[in-house]
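> fold the following, please.
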Amino acid sequence: MDGLRAVAIGLVMLFHAGVPLLPGANLGVDIFFVLSGYLIGRLLLAEFQAHAAIDLRRFYRRRLWRLMPPLLLLLALYAALAPLVWPDYYFHLRDGIELLLYLADIALVFGDGPQYLTHAWSLGIEERFYLLLPVLLLFLLRVSDWRRLWLFFMFLALLVTLWRFYWVQLDASGMIYYRFDMRLSGLLLGVMVAWLPPARLPDMRLVGRAMLPMMLGVLLLLVLPEHGQEWRLAYGLPMVEVLTVLVIIWVVQQPDCVLARALSRPVLVYMGKISYGLYLFHYPIMQYFKGFHSWPLVVLGGVLSAAVLAVLSWHLLERPLSKWRKGW
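Next up is the predicted model:
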């Protein structure tokens, strides 16, 4: 899973650096959504199987300790440096508050989103999902057997996909790209896989044949020009989500397969572990480099600078706080 995270963050950084050959690399964020749904779904399932209950306070406390410290570090650095780097922009305080309250996605939909922290829209969507999912599960577990809940999440993901297809035809403004209801399908599919009983997992020897054309389709999405954004949301996004689901099932069923070994390379695993920091820090840094350099230097300078901050955040902030929290 960490290796898959590394692939996702790599694509996102290439997209934000403006690499001309990969205008569709923003699909990396959709891989993140499926992974987030899967990993959070697994945590909640493990807690339910161990205690026959889900402790909401414990879950929210763990999410807060995991997500908030690096975010506060980003906001502190942004508050200190952004007014010096972009003195003609007068909304740094507003943007920081939107980021702190996880409202960047909503603000972007209404045209008042952060300019140099635009990437925070996905954080808002994930955080809102983290708030709602445990409450929804508590209700569902009272009215249904947990072994059948994967059907509910699969059906809900299908409804969201059809809903998004409808809005793509209706709204040409592009703001639906940031909407919470447009991005729920990947998160729901991840939870579906997490709660899918092992006996219900498809045989990858049969499903694997469908992965090759999907992989070719995703590669096509990577190189399609930007004017195909509506097509990506309506048709490409489900393809990326389903392919990510199949990859997760494959590496879970066959941990010694070629793909699992490739994703388990130490460099990719480490990059996946610090992917949250990479995601937080890379965007404003790349926005700064874009004002002075061409895209190769934006990639080089942006990735290296974000990597330094992410490594420092991981070793000096995130890991120590995680150990302290577990001990406490």
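> please make it C-alpha for all contacts and neighbour counts, starting now.
Fine.
> any stretches of the stretch 101-250 of the chain with poor pLDDT?
Where the stretch 101-250 of the chain drops to pLDDT under 70, the residues are 172-174, 206-210, 225-229.
> where does L93 sit, in terms of helix or strand?
Element membership of L93 [criterion: DSSP states H and E] is helix 92-100.
> which elements pack onto the one helix or strand R62 maps to?
Element membership of R62, judged by DSSP H and E, is helix 56-85. Secondary-structure packing of helix 56-85 (3 or more CA pairs under 8 Å, 6 or more residues apart in numbering; DSSP states H and E): helix 92-100, helix 121-143, helix 275-290, helix 319-327.
> repeat that with 7 Å
helix 275-290 (3 or more CA pairs under 7 Å, 6 or more residues apart in numbering; DSSP states H and E).
> quick one: work out the angle between the helix it packs on and helix 56-85.
20 degrees (axes from the mean of the first three to the mean of the last three CA atoms, to 10 degrees).
> state the distance from H293 to L117.
Plainly put, H293 is 19 Å away from L117 if you go by CA to CA, to the nearest Å.
> got the CA coordinates for the helix holding L93 in CSV?
Extracted as CSV, the C-alpha positions of helix 92-100 are listed here (Å, rounded to 0.1, in the frame of the first residue of the first chain):
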residue,chain,number,x,y,z
HIS,A,92,-3.1,34.5,2.8
LEU,A,93,-4.9,34.6,6.1
ARG,A,94,-8.2,33.6,4.5
ASP,A,95,-6.5,30.8,2.7
GLY,A,96,-4.8,29.5,5.9
ILE,A,97,-8.1,29.5,7.7
GLU,A,98,-9.8,27.6,4.9
LEU,A,99,-7.0,25.0,5.0
LEU,A,100,-7.1,24.7,8.8
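> next secondary structure after that helix?
Following helix 92-100 in sequence order, the next helix or strand is helix 104-109 (DSSP H and E).
> what's next to that next one, contact-wise?
With CA atoms under 7 Å, 6 or more residues apart in numbering as the test, helix 104-109 has contacts from 98, 113-114, 120-122, 124-125, 175-176, 178-179.
> drop anything exposed from the residues you listed.
Taking 16 or more other CA atoms under 10 Å as the criterion, what is buried in these is 98, 113-114, 120-122, 124-125, 176, 178-179.
> quick one: contacts for the residue most central in space within the chain?
When CA atoms, centre = their mean is applied to the chain, the residue found nearest the centroid is F32 (2.9 Å). F32 is in contact with 5, 8, counting by CA under 7 Å, 6+ apart.
> before we move on, back to that, W231: which of the buried ones among the contacts of helix 104-109 is nearest?
I176 (12.8 Å; CA to CA).
> in contact with the closest one, which residues?
So I176 contacts 109, 182 (CA under 7 Å, 6+ apart).
> how about a cut-off of 8 Å?
Neighbour list for I176: 109, 167-168, 182 [criterion: CA atoms under 8 Å, 6 or more residues apart in numbering].
> give me the buried entries from those.
Buried among the contacts of I176 (16+ other CA under 10 Å): 109, 168, 182.
> can you list those residues in TSV and add distance to M204?
Shown next, in TSV, are these (distance: CA to CA, whole Å):
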residue	distance to M204
V109	39
V168	32
M182	29
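> from those, which is closest to E241?
M182 (12.9 Å).
> wait, that closest one sits on V160?
Yes - look at M182 against V160 with CA atoms under 8 Å: they come within range, at 6.9 Å.
> in stretch 137-157, what counts as buried?
Using 16+ other CA under 10 Å as the test for burial, stretch 137-157 gives 137, 141, 146, 149-150, 153-157.
> can you name the two of these that sit furthest apart?
Using CA to CA, the pair of the buried residues of stretch 137-157 lying farthest apart is L141 and A157, separated by 18.6 Å.
> distance of D105 relative to Y276?
In terms of CA to CA, D105 sits 18 Å off from Y276.
> the helix holding R62 to helix 121-143, inter-axis angle?
Using the same axes, to 10 degrees: helix 56-85 against helix 121-143 is 170 degrees.
> ok so, going back, ok, and what's touching the helix holding L93?
For helix 92-100, using CA under 8 Å, 6+ apart, the contacting residues are 71-72, 75, 79, 82-83, 104, 107, 113-115, 117, 120, 124.
> which strands or helices does the helix or strand hosting L300 pack on?
Element membership for L300, per DSSP H and E: helix 295-313. Judged by 3+ CA pairs under 8 Å, 6+ apart, the packing partners of helix 295-313 are helix 2-16, helix 275-290.
> show me what counts as buried in that helix.
Going by neighbour count (16+ other CA under 10 Å), the buried part of helix 295-313 is 295, 298-299, 301-303, 305-307, 309-311, 313.
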